[in-house]
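> predicted coordinates and the sequence they were generated for:
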Amino acid sequence: MNIQIPYGREKLEAVLPDNRVRTVLRGTLDSVQPDRSESELVRASLENPIGSKRLCELAAGKQKFVILCSDHTRPVPSRIIIPLMLEEIRRGNPAADITLLIATGCHRGTTAEELKDKFGEEVYEHERICVHDCEDTDNLIDLGVLPSGGKLLINRLAAEADLLVSEGFVEPHFFAGFSGGRKSVLPGIAAKETVYWNHNADFIHDANSRAGVLEGNPIHRDMLWAAQQAKLVFICNVIINAEHKVIASFAGDLQKAHEQAAAYLATLCEVSADKTDIVITTNNGYPLDQNLYQTVKGMCTAEAVCREGGVIIMAGACEDGIGGDGFFRTFDVPETAAEILAQIERTEKKDTVCDQWQSQIFARILAKHTVIMISSLPDDTIRRMKMIPAHSIEEAMVKADDVLGCEGSVTVIPEGISVYAK
């Protein structure tokens, strides 16, 4: 069997023995063939919003508008979405004062070059663009207390807007259930302490904090409440395929449009499979595999179909490095993954620290599985993160068999973020 999997901006290829590959898990995202162009899909959703008036109607009589936009770590086709949203707002209010606010959450700030690439020259040169800073206390406003007890602090620009709307995309999310919708506010434009509280150890440990789950998910509950308090009234969220092309668009009410998008996505992404000895997967290539921190998401999909004691082969280019000093320091210690996990799970909500959530999930995976990492990172860095380095799928397979002491059965998940197993 010849397999091709995304890796950075390229593909990795390998030939695996047919008798070893139990299954290749793919969603049906790439089988969807829309009968309209990407722009037409987005425009149609804006013209026929779910549970809401049109954006042009909502814009009438308002002055200050803020559009929450995804950052450089998300493959959202903003070049398509934002011009159409701007057109809708100005249709209803030609004099609208509009700010595009980049919802970075706790990520690094998006650079000028990344903004140009994201929006295109026209939008970059002619629109006001601001980048959220989760540590800029002078530009944060207190909106009360989350259902779980933490403070809700969000960006002042968004809090003071007459109309707050957002763009985004919906994909399975490894602890929030699905991305998109309410995530533009929390974590998107929230204070660091608000994000940390929401991503606490108890919530990450909760059985409902998993991909594909919204009902009963404590992380989702806080996020939705935060977006409602911020008065995020209208969203335009798309669903994209492996080539990052729009295959569906959902616009309208924050909750109703997002729930419809998630329900539709579930029909395309939810899979089931027996557990195998080895799982080969990815983080869907660039830009989602820019750093090691992000690749934990793809590992979560593999975790669900890899037997305990089995091997996960993770391919992620990681051209931007580790992705978090705290994340690295957590694992660059003598303690085992199981010991690290136990320490994290004893942490109180108020004491949550940077990258703790990703470390918790990564430790949970490492405690039950060996992870072999194919990346551009130095071998020593990979070892210090308690994984085994490899430089090709073939090399990783040899090392996996050495770990297992036999030729193990294999599941291949070419796009680890595009599916989730139940």
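Received it, and whenever you're ready, just let me know what you need.

> poorly predicted segments of the stretch 151-300 of the chain, please.
Of all residues in the stretch 151-300 of the chain, none has pLDDT under 70.

> can you rerun that using 90?
Along the stretch 151-300 of the chain, the parts satisfying pLDDT under 90 run over 242-244, 273, 287-288.

> for it, which segments count as strands?
With DSSP state E, counting those that start in this stretch as the criterion, the stretch 151-300 of the chain has strands at 151-155, 163-169, 172-173, 177-178, 232-240, 246-252, 270-271, 276-282.

> also the stretch 301-422 of the chain?
306-315, 370-374, 388-390, 410-413, 420-421.

> name the residues that touch the longest one?
Judged by Cβ atoms under 8 Å, 6 or more residues apart in numbering, the contacts made with strand 306-315 from elsewhere in the structure are 5, 7, 12, 275-283, 289, 295, 298-299, 302-303, 365, 368-375, 387, 390, 393, 396-397, 400, 403-404, 408, 411, 416. Using the backbone N, CA and C atoms, a C-beta is placed for each residue, glycine as well.

> let's have the strands of the stretch 151-300 of the chain in a markdown table, adding mean neighbour count and distance to residue 71.
Shown next, in a markdown table, are those (neighbours: other Cβ atoms under 10 Å; distance: least, Cβ to Cβ, whole Å):
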| stretch | mean neighbour count | distance to residue 71 |
| --- | --- | --- |
| strand 151-155 | 23 | 13 |
| strand 163-169 | 26 | 11 |
| strand 172-173 | 26 | 15 |
| strand 177-178 | 25 | 18 |
| strand 232-240 | 25 | 15 |
| strand 246-252 | 24 | 19 |
| strand 270-271 | 18 | 27 |
| strand 276-282 | 28 | 21 |
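
> re the thing from before, can you put the strands of the stretch 301-422 of the chain in JSON lines and add distance to residue 90?
JSON lines is the format used below for these (distance: least, Cβ to Cβ, whole Å):
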{"stretch": "strand 306-315", "distance to residue 90": "44"}
{"stretch": "strand 370-374", "distance to residue 90": "47"}
{"stretch": "strand 388-390", "distance to residue 90": "52"}
{"stretch": "strand 410-413", "distance to residue 90": "43"}
{"stretch": "strand 420-421", "distance to residue 90": "39"}
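
> and the contacts of strand 306-315, which are buried?
5, 7, 12, 276-283, 289, 295, 298-299, 302-303, 365, 368-375, 387, 390, 393, 396-397, 400, 403-404, 408, 411, 416 (16 or more other Cβ atoms under 10 Å).

> wait, residue 257 sits on residue 48?
No - counting by Cβ atoms under 8 Å, residue 257 does not reach residue 48; the two are 10.9 Å apart.

> between those two, who's got more neighbours?
residue 257 (25 against 10; other Cβ atoms under 10 Å).

> mind listing what the more buried one touches?
49-52, 181, 235, 237, 250-251.

> among these, which one lies nearest to residue 221?
Among the contacts of residue 257, residue 181 lies closest to residue 221 (Cβ to Cβ), at 13.0 Å.

> next, count neighbours for the residue nearest to that closest one when sequence neighbours are not counted.
In this structure, residue 181 finds its nearest non-sequential neighbour in residue 258, 3.0 Å apart by Cβ to Cβ, 6 or more residues apart in numbering. Neighbourhood size, residue 258 [other Cβ under 10 Å]: 26.

> check residue 101 and give its pLDDT.
Residue 101 is assigned a pLDDT of 98 by the prediction.

> residue 33 is nearest to which of the strands of the stretch 151-300 of the chain?
Per Cβ to Cβ, nearest to residue 33 of those: strand 246-252, 8.2 Å.

> other SSEs contacting the closest one?
Packing partners of strand 246-252 (3 or more Cβ pairs under 8 Å, 6 or more residues apart in numbering; DSSP states H and E): helix 38-47, strand 232-240, helix 254-269.

> quick check: buried residues in the last one?
Put plainly, it is helix 254-269. Buried, per 16+ other Cβ under 10 Å, within helix 254-269: 254-262, 264-266, 268-269.

> next up, the contacts around residue 255.
Contacts of residue 255 (Cβ under 8 Å, 6+ apart): 51, 181-182, 224, 228.

> in helices only, show me those residues.
224, 228 (DSSP state H).

> most neighbours among the contacts of residue 255, which one?
Neighbour max across the contacts of residue 255 (other Cβ under 10 Å) = residue 181, 29 neighbours.

> isn't that one right up against residue 237?
Yes - here residue 181 reaches residue 237: they are 6.3 Å apart, a contact under Cβ under 8 Å.

> now do the shared contacts for those two.
Common neighbours of residue 181 and residue 237 (Cβ under 8 Å, 6+ apart) are 168, 170, 257-258, 261.

> can you redo the contacts of residue 255 as TSV, where the extra columns are distance to residue 130?
Formatted as TSV, these follow (distance: Cβ to Cβ, whole Å):
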residue	distance to residue 130
51	29
181	21
182	21
224	24
228	23
